[in-house]
Each structure stands twice: as C-alpha cells, then as structure tokens.
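> Sequence and predicted structure, then a few things I'm wondering about:
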Amino acid sequence: MVMGTMDPLVEAILISFDESGKVDLGLKAQAVAYCQQIRETPTICRICIEKLRFCMLPQVRFWCLQTLHEVVRVKYSLMGSEEKDYVRNSVLSISCSNDKIVGILGAEGPAFIKNKLAQVLVSFIYFEYPGIWSSVFLDFLQNLSRGTDVIDMFCRVMNVLDDELISLDYPRTPEEVAVAARVKDSMRQQCISQIARAWYDTVTLHRDSEPELCSLVLDTMSRYISWIDIRLVANDAFVPLLFDLILLEGLSEQLRCSAAACMSAIVLKRMDPQSKLSLLESLQVGRVFGLITSDDPELVSGVGVLLKDYTTEVLDCLKRVTTEESRRETAKLLDEVLPSVFYIIQKCEADSGFSIVQLLSSYVATLKGVSSLNGKELHNMGHILEVIRSQICFDPAYRVNLDSMDKIGIDEEAQMADYRKDFLVLLRSVGRVAPDFTLVFIRNALVSAVSTSPDRNVEEVESALSLFYAIGESQNEDLKRSEEGLLSELVPMLLSTKFPCHSHRLVALAYLDIVTRYIKFVQMNAQYIPMVLAVFLDERGIHHPNDNVSRRASYLFMRVVKLLKSSLVPFVETILQGLHDAVARFINTNYMSKAFTGSEDGSHIFEAIGMLIGMEDISMEKQSEYLSALLTPLCQQVASLFSTSKADIVDESVKLTIIQQIIMAINALSKGFNERLVTARRPAIGHMFKKTLDILLEVLVVYPKMEPIRNKVLSFVHRMVDTLGESVFSCLPKAFEQLLAENEPAEMARFLVLVNQLICKFSISVQDIIAEVFPVIVGRIFGMIPMDTVLSGPGTNTEEFRELQELQKSFYTFLHVITMHGLSSVFLSPKGIGFLDQLMQLLLHTSCNHNDPLVRKTCVQIFTRLIKDWCIGPREEKVPGFQKFVIETFATNCCLYSVLDKSFEFQDANTIVLFGEIVLVQKVMYEKFGDDFLIHFVSRGFLSAHCPQNLAEQYCQKLQGSDIKALKSFYQSLIETLRLQQNGSLIFR
C-alpha cells in the first residue's frame with residue numbers, strides 16, 4: 001500500500017479505524033491486511049509497547065493494547081519468558097504511573113484505552129497468578145499512594161477480572177471455573193483483606209473531593225462481597241461508613257446509590273439462616289426508611305433495591321430458621337420493613353413487575369397454613385391487594401385506543417394481558433390465604449371505583465372487575481353456589497350495578513365475563529335470574545353500542561342459557577322480546593344491507609333462542625308459534641333475495657353475505673331441537689325444518705359455484721341429519737343432486753363426510769340411497785384422481801395436490817365406512833358392479849404402496865371385511881373370482897411382499913398398527929379359505945422369498961393356532977429374518 005511520510009503502521013491503523021466513509025474501501029482493506037501482517041511479526045510485543053510510549057493517537061494505542069491482549073490470551077504458551085517479562089512489566093509500569101506516559105491514565109485518558117489496558121493485565125493474571133506473578137495485587141496496592149489515577153486503574157483491573165473470569169453471571173468453561181477458583185482462593189489467602197482496607201481508606205479519604213472515584217471503588221467492592229469473608233465489610237468500620245454515605249445529604253447521588261448497592265451485596269451474602277439473621281439485625285437497615293420519600297428518583301431507586309433485597313433475605317430466613325425465638329425476631333424485622341417496601345412498590349418505578357410478584361409471593365407463602373391472620377398480617381394483605389390493583393390498571397392515556405381497538409389499543413391490551421399474569425397468580429394466592437378479606441377488598445374497590453373521578457373511572461372500574469373475575473378461579477365451586485358468605489352479597493351487587501363508564505369496551509367486557517363466571521351462583525339462587533337476563537338484554541350486553549361487546553355478549557348469553565335453560569321457561573317470552581332487535585337484522589333486508597358486517601353472524605343469539613324454544617317444557621302451540629315466527633321470515637328473505645336484481649342492493653357480495661348469515665342463523669337455531677322431539681313427539685316441528693331445508697337447497701341452484709354458501713348449506717344438511725332422523729331421507733336426493741353438481745375435490749371430500757354421517761347413523765336403512773349415489777361418487781372421484789396419478793413426491797406440495805390427497809383419504813374412509821356398516825352389497829349393485837374391478841385394484845395398490853401406514857391399514861381392513869362378507873367358506877363365494885384374487889394377488893403382495901420391503905418400518909407406531917391388521921387378515925383368510933390359502937401363500941409366496949422350510953412350518957402352526965399375539969410376534973420375526981437373508985434388498989415387486 002502507498003504510504004506518506006507518516007509511520008506506515010500508524011497510517012495503516014488510522015485508515016483501518018476510519019469511520020468517516022471518505023476512505024477508499026480498497027485502501028482500507030489494504031490497511032487492515034497490513035496491520036494483520038505486522039501482528040504476525042515476532043517482535044510485535046516490542047512494537048506495541050514502543051507505540052504506546054511514544055504515540056499519542058488513541059486509535060494507535062487501542063490497536064496496540066488490543067494486539068497485546070490477543071497475543072497474551074491466544075499465544076501465551078508460545079511467548080518466551082523474556083518477552084512475557086517485558087510485556088508484563090511494561091503494562092504494570094504504565095498502569096501504576098511509573099512510566100510518565102501522557103494520555104493513558106487520568107482524566108485525559110479515554111475509558112476504552114484504560115479498559116483495554118486492564119484486559120491485558122487480567123490476561124496475565126489468568127495464566128500467572130499466583131504461580132508466576134504472585135505479587136500482582138500487592139504491586140498495585142503499593143502504588144495506590146501515587147494518586148487517584150492508579151486507584152482508578154486498579155478498580156478497572158478488578159472489574160475486568162470479575163467480568164472475564166470470576167462472575168457467574170456469564171457462562172464459563174470448566175477450565176475458566178477452575179482458574180477462577182484458583183484466583184479467588186489465592187486472593188483470600190494473600191491480599192483480599194488488604195484490598196478491602198484499601199477500599200475503605202480510599203472512600204474515607206476521597207469521598208468529598210473525588211465522589212466519582214469513590215463510587216467506582218464501591219461498585220468494585222459490591223462485585224466481590226459475594227465470595228470474600230463477610231467480616232471484611234460487615235464490620236464496625238465499613239457499615240457506619242456506608243450508611244453515612246447513603247444518609248448524608250449533599251453527597252453526589254451516584255456515590256449514595258453505590259453505597260446502597262454495597263449494602264445490598266452485604267444483605268444478599270449467602271450464609272446459614274441463623275448467621276444471616278444476626279447479620280440482618282446488626283445492619284439496622286431501618287435507618288434508611290426515610291429516604292424513600294426523597295425527591296431524587298435515582299436515590300429512591302437505589303434504596304428501593306436495598307430494601308427489597310433486605311426483605312427477600314428476611315423472608316428466606318423466616319422459612320429456614322428453626323427456633324421459635326428466631327422466627328419471632330425475623331417476623332419483627334419483616335414487620336418493620338414491609339411498609340416501606342409497599343410504599344416503594346406503589347409510588348416508585350424501581351423494579352420490574354416480576355420481581356415485585358416474587359417478593360410479595362414469598363411473603364404470602366409464609367402465611368399458608370395459618371388458621372387465622374392477625375391484624376398486622378391482614379393489613380399487609382391489604383397493601384398487597386392494593387399493589388395488585390394499581391399494577392393491573394391501564395394507563396388512561398390509552399383509553400380511546402382501547403375502546404376503539406385500533407392498533408395501539410390492541411398492542412396495549414396484549415401487553416397488559418401478559419403483564420397481569422403474574423399479578424393475578426399472586427391475587428389467587430392471597431385469595432387462598434385470606435378469602436373473605438380478599439372479597440371485601442374487591443367489593444370496596446368496586447364501590448370506590450364507581451365513585452372515582454371520570455378521568456380515572458374507566459381504569460379503576462376495569463381493574464376492580466378484573467380482580468373479581470380472576471379470584472373466581474380460586475373460589476371453591478360450592479362457595480360459588482352458596483347462599484351465604486360474601487359472594488351472596490357481591491354477585492347481586494354486581495348484577496344491579498350500572499357503571500357510569502359501562503359504555504367503554506373494556507369495562508363492558510370485564511363485566512360480562514364476571515357475570516358468566518359466577519353464573520352457578522345464580523343457578524342455585526334463581527331469584528337473581530331476572531337480573532342476569534337484564535344484564536344481557538339491555539345496553540350492558542347484547543344492546544351495547546360497541547359491536548365487539550355486543551358480539552361477546554351474544555356468545556356469553558348462549559353459554560348462560562345452556563346452563564340455566566331449565567330455569568328459564570317462565571322467562572322465554574321476556575327473552576324473545578328483549579332479543580327482538582337483534583333478531584330483526586336477519587329479517588329486515590334493508591337493515592342488514594346497511595348495518596350488517598360479515599364478522600357478525602348472530603348465530604350465538606339464534607343458538608340461545610333455539611335452546612329456549614326447543615325445550616319440551618314449552619307447549620307445542622307456543623313452540624310452533626315461536627319457531628314459525630323465526631323460520632318463516634328468514635326463509636322469505638332468502639326467497640326474496642333470489643328474485644332481487646343486482647340494482648336493488650348495494651353490492652352482490654352483501655346479498656351473498658346476508659344469505660350466508662341467514663343459513664348460519666337457522667343452523668344455530670336448529671341445535672336446540674332434538675330428534676325425538678321433532679320426529680316422535682312433535683312432527684309438525686320436523687315438517688317446518690324439512691320445508692326450510694328444501695328452501696335452502698334452492699340456494700345451491702341459484703349459486704352453484706359459491707363455495708362459502710355451499711359449505712353453509714352442507715353444514716345445515718349435517719344438522720338436519722341429526723335432527724330429523726329418517727324423515728330427512730326424502731330430502732336427500734335433491735340435496736345430493738345439488739351438492740354433487742360441479743363440485744371440486746375439496747367439496748367432494750366434504751360431501752363424503754356427509755355420506756359417512758348418514759351411513760354411521762342409519763346403517764343399512766340408507767342402503768338404497770347409498771346404492772343410488774355410490775356410482776356417481778366413484779365415477780366422479782376416478783375422474784378427479786386417475787389410477788396412475790402420483791400424489792406424493794416432487795412437485796406435489798401444492799394446494800391442488802393437497803386437495804387431491806385429502807380427497808383420496810376421504811374416499812378410502814368412505815369405502816371403509818360402507819364395508820364396516822354392512823353395506824358392502826352396494827359394491828355389487830347393478831350400477832356399482834362396473835367399478836368393482838377398478839376399486840379392487842385401487843385398494844390393492846394402496847394397501848401395498850401408500851406412504852401413510854394408516855391409509856394402508858384402512859384398505860387392509862376393507863379387504864378383511866369383504867372377505868368375511870363375500871366368502872362363505874372354501875370354494876363358496878358371492879362374488880365370482882374374488883377368492884382367487886384375494887389368495888393369489890392380495891395375500892402375497894400385501895401380506896408378504898409389501899412387508900418385506902425395507903420401507904416397512906417396524907420402529908414406527910402406525911406401521912405396527914398396520915402390521916397387526918395384515919396379520920389379522922391372514923387369520924381371516926385361513927378361516928375362510930383353509931388350505932387353499934395356506935398352500936398358495938407358503939408354496940408360492942414363501943418360496944419366492946426363499947423362506948427356510950422350518951420357518952414356513954412354524955408359520956403354519958402359528959396360523960392354525962388361536963393365539964393372534966403369538967402369530968403376530970412370530971410373523972414379525974420371520975419377516976426380519978427374511979430381510980436379513982436378502983440383505984435388505986428385495987425385488988419381489
């Protein structure tokens with residue numbers, strides 16, 4: 001690289017460190033390469049020391065120290081003894097101001113230079129202390145009198161030593177752990193007491209003149225307290241000094257906080273509980289309690305950490321001390337500090353929510369098992385509950401965002417939900433320790449929140465409601481039902497309250513959730529049912545102006561009706577009147593086209609109504625009247641939409657949305673009616689649903705290719721199969737015709753689910769219907785999935801192929817359901833027989849080759865059932881040629897060759913299930929075909945697999961026996977033996 005008159009190394013270093021962007025990248029790369037080249041020279045250490053002494057540029061000095069650090073750290077074992085001595089003595093001399101080098105130590109020296117110098121010294125300590133360089137700390141201590149620059153440097157060395165070797169806050173290798181132990185042991189024996197004395201002398205001497213230096217000394221000291229003899233710092237000299245620094249006004253806040261941090265380190269020192277108790281008592285931490293009201297937030301934060309650490313240790317002592325006297329002394333310390341801790345938590349932002357919860361949870365845990373809390377303990381519980389209440393309050397600044405649910409509101413709600421978790425766990429712990437006291441607090445919080453000023457009303461009410469909701473998880477179920485206790489006061493009070501801020505989304509949602517959570521109390525106290533209904537039917541619930549609240553209220557009302565419906569018979573008329581407006585949106589097209597949103601399906605309201613009017617306790621006349629009043633206008637509206645031109649409605653998509661919502665509403669309504677009611681007891685109701693089904697099937701004629709609508713109609717057909725029973729049969733031909741029209745693979749898969757439902761519910765009763773639709777289904781599916789289509793492997797990870805894969809699986813399930821429900825004769829019907837050979841080949845191929853063992857299992861089970869149905873005995877069969885096909889083709893290919901293939905993994909659980917079915921079908925074939933199967937399977941199949949004669953004979957014996965488990969175990973062993981014999985490479989297929 002081209003250099004000027006400047007020293008080439010200096011110039012290269014400056015270029016490599018340039019961040020201005022003005023240096024050519026190529027030149028910078030050359031400079032970096034040149035610096036690296038110099039690093040590799042044998043005399044690099046001398047070069048660096050010389051540059052440190054004579055070059056004032058901080059970039060050069062940093063590069064030299066960085067290089068020395070790297071050399072010592074990485075190449076220490078390769079360095080000669082003279083070179084080590086030279087570097088060691090040089091950096092120590094610089095650190096102790098023996099070399100009068102300007103610009104490294106002192107105020108003019110950049111912190112990053114001094115820290116890097118400390119790293120070089122620590123690298124030597126790592127390798128040489130105490131074996132080679134035993135005097136390192138003593139050397140420093142002897143030079144502290146040279147001035148504050150050396151003291152500053154010594155602190156930096158101690159801090160780097162802690163960061164890079166001693167501290168357990170960072171992961172360490174086993175070697176580093178061993179070296180750290182060696183260093184600490186040696187320091188304890190040799191110099192740590194002198195270091196502690198130096199800390200004390202430095203702070204005492206310079207507290208007024210050099211507060212920053214003293215703060216640095218105390219910060220260093222706090223790092224070492226955890227492993228040095230506690231008596232070196234917890235003594236009559238240090239403790240008064242630290243408290244003096246903390247309490248003395250006029251000192252720098254940094255120094256006062258550093259002193260508080262040292263006291264925290266002393267408090268946190270690990271020791272046996274009795275010694276810790278003695279230490280805590282001797283410290284007299286109460287003298288700093290008054291500082292928590294200071295105007296300086298930094299000082300309050302530092303003192304707050306000290307008091308929380310102190311409280312944590314007192315609680316730990318309380319758990320571990322063994323004598324009653326010690327427990328009383330510990331409890332006294334706890335009583336003294338808790339008020340200050342509560343003040344800090346409530347007034348200051350001194351710590352994270354999680355550590356607050358840990359501290360308070362520890363206190364609550366000490367009270368578990370106490371039969372009756374005393375006044376002071378209850379007072380502390382009140383403080384804890386108040387902390388919880390204040391911590392879970394939303395910030396009023398986000399009130400509008402949380403009501404409108406914009407992005408800011410959504411994020412804030414999510415963050416608060418996460419933040420609240422630990423506090424609500426703490427609440428439930430308090431509730432278990434002091435249940436009545438907790439409920440009284442919540443009651444008072446609710447009363448207080450209602451009367452708070454409007455600028456806090458929403459947040460205060462919501463937090464109080466959230467407390468009541470959360471405590472419900474820890475309430476005994478019997479207590480929720482009881483007519484006695486505080487719940488019997490709280491629940492009615494809640495039901496009768498209309499909060500001034502009820503229009504806010506957060507308050508309304510919290511209120512509805514609470515009412516639903518405590519509904520079992522209402523279930524056992526029916527006098528409150530009118531109040532519950534009022535909650536859901538007025539502006540607090542379904543008629544709330546916020547759509548999110550209204551939708552949530554609809555869902556929760558449905559849950560309430562499900563639980564209380566037997567008690568709601570006298571209120572049905574009232575409920576229907578209260579829901580009139582909500583129902584109207586499904587009856588008034590103009591209203592829906594203007595005010596309806598796609599996300600509001602209203603189905604929960606209709607499900608609730610269906611459960612109410614579907615009860616047999618409702619008279620037949622009333623039931624018919626109610627149902628007709630709902631179904632008739634809904635069906636009329638569907639019919640009117642068919643005849644509506646596009647110009648008559650704002651958007652065709654709105655029309656489609658309305659139709660979908662109507663179908664969903666009718667579907668939800670029908671859930672309240674059971675089959676016995678609509679078929680046996682009140683067939684007129686069933687007739688109304690059949691008429692409705694006929695009308696909704698017309699939707700498929702008008703919109704044959706609208707998948708969302710098809711899915712909604714299909715769902716309603718499913719519902720009618722369960723509701724109408726066999727009376728639905730007359731509607732099925734039309735339903736099948738429309739559902740099969742122009743359907744795609746995904747739609748066909750869903751249609752098969754409907755057919756399977758029919759077969760599973762009605763079995764042979766639907767034989768004629770299935771026989772009629774079966775050839776249509778099979779022909780359509782074979783058209784969608786030709787026999788030679790490969791549905792796995794490269795290029796099949798697309799939506800189209802996934803739909804075909806799903807359809808294929810559904811088809812096998814369909815065939816399986818047919819055979820398992822005694823309908824295998826459908827395969828032999830006049831219209832179905834033409835597909836028989838194609839079906840058998842498909843089932844054979846799938847049972848041998850499909851990559852999903854469970855699909856293969858399904859196909860094997862189909863063959864097992866067909867053998868039972870179609871083969872009466874040897875040479876007696878219903879289907880000519882089927883027995884020969886099974887013995888000569890299916891048995892050898894599926895039961896032997898496919899299992900011998902190395903892709904058949906015995907370690908896979910699903911494959912083991914498949915293997916069990918393969919063994920079972922062999923047993924069935926032997927029972928049906930006798931020696932015809934056995935002779936062919938052994939003489940042809942086993943012979944081609946080169947099966948030893950003795951194993952073939954054992955197989956025959958196991959097959960003829962009655963122990964299927966023994967047969968399965970032997971057959972697996974046989975297959976594995978044959979695989980080994982073939983070296984895992986088979987070519988049978």
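Great, that's in hand.
> Checking residue 872 next. Helix, strand or coil?
strand (DSSP: H, G, I helix; E, B strand; the rest coil).
> Could you check how far it is from residue 883?
Going from residue 872 to residue 883 by C-beta to C-beta, to the nearest Å gives 10 Å. All C-beta atoms are positioned from the backbone trio N, CA, C, and that covers glycine.
> Check residue 525 too.
71 Å.
> In terms of neighbours, single out the busier of those two.
Counting neighbours by other C-beta atoms under 10 Å for residue 525 and for residue 883 shows that residue 883 has the greater number, 24 against 16.
> The more buried one: what's it in contact with?
Residues in contact with residue 883, defined by C-beta atoms under 8 Å, 6 or more residues apart in numbering, are 871, 875, 877, 928-929, 932.
> Considering these, which possesses the most neighbours?
residue 929 (24 neighbours).
> taking the contacts of residue 883 one by one, which sit in strands?
Judged by DSSP state E, strands contain the following of these: 871, 877.
> With distance to residue 175 and pLDDT added, can I get the contacts of residue 883 in TSV?
What follows is these, written out as TSV (distance: C-beta to C-beta, whole Å; pLDDT from 0 to 100):
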residue	distance to residue 175	pLDDT
871	75	89
875	81	67
877	79	75
928	73	91
929	73	91
932	75	90
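> want to throw the contacts of residue 883 into JSON lines with distance to residue 549?
Compiled in JSON lines, the contacts of residue 883 are given as follows (distance: C-beta to C-beta, whole Å):
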{"residue": "871", "distance to residue 549": "65"}
{"residue": "875", "distance to residue 549": "75"}
{"residue": "877", "distance to residue 549": "68"}
{"residue": "928", "distance to residue 549": "66"}
{"residue": "929", "distance to residue 549": "69"}
{"residue": "932", "distance to residue 549": "73"}
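> Relative to residue 427, which of the contacts of residue 883 is nearest.
Set against residue 427, the nearest of those by C-beta to C-beta is residue 928 (67.7 Å).
> Please verify my assumption that the closest one contacts residue 869.
No: using C-beta atoms under 8 Å, residue 928 is not in contact with residue 869; the gap is 10.5 Å.
> shared neighbours of residue 872 and residue 883, anything?
residue 928.
> okay, and for the stretch 501-650 of the chain, where does confidence drop off?
Scanning the stretch 501-650 of the chain for pLDDT under 70 picks out the ranges 586-602, 644-650.
> Kindly report the same for the stretch 301-450 of the chain.
For the stretch 301-450 of the chain, the ranges with pLDDT under 70 are 348-354.
> Which residues are in contact with the most centrally placed residue in the chain?
Central residue of the chain (C-alpha atoms, centre = their mean): residue 418, 11.2 Å from the mean position. Contacts for residue 418 (C-beta under 8 Å, 6+ apart) come out as none.
> And the helix or strand where it lies, what's buried?
Counting by DSSP states H and E, the element that carries residue 418 is helix 407-433. Of the residues in helix 407-433, 409, 412-413, 416, 420, 422-424, 426-431, 433 count as buried by neighbour count, 16 or more other C-beta atoms under 10 Å.
> Pick out whichever of those sits closest to residue 93.
So of the buried residues of helix 407-433, ranked by how close each gets to residue 93 (C-beta to C-beta), first place is residue 422, at 54.1 Å.
> how close does the closest one sit to residue 359?
Residue 422 is 11 Å from residue 359, where distance means C-beta to C-beta.
> same thing with residue 621?
66 Å.
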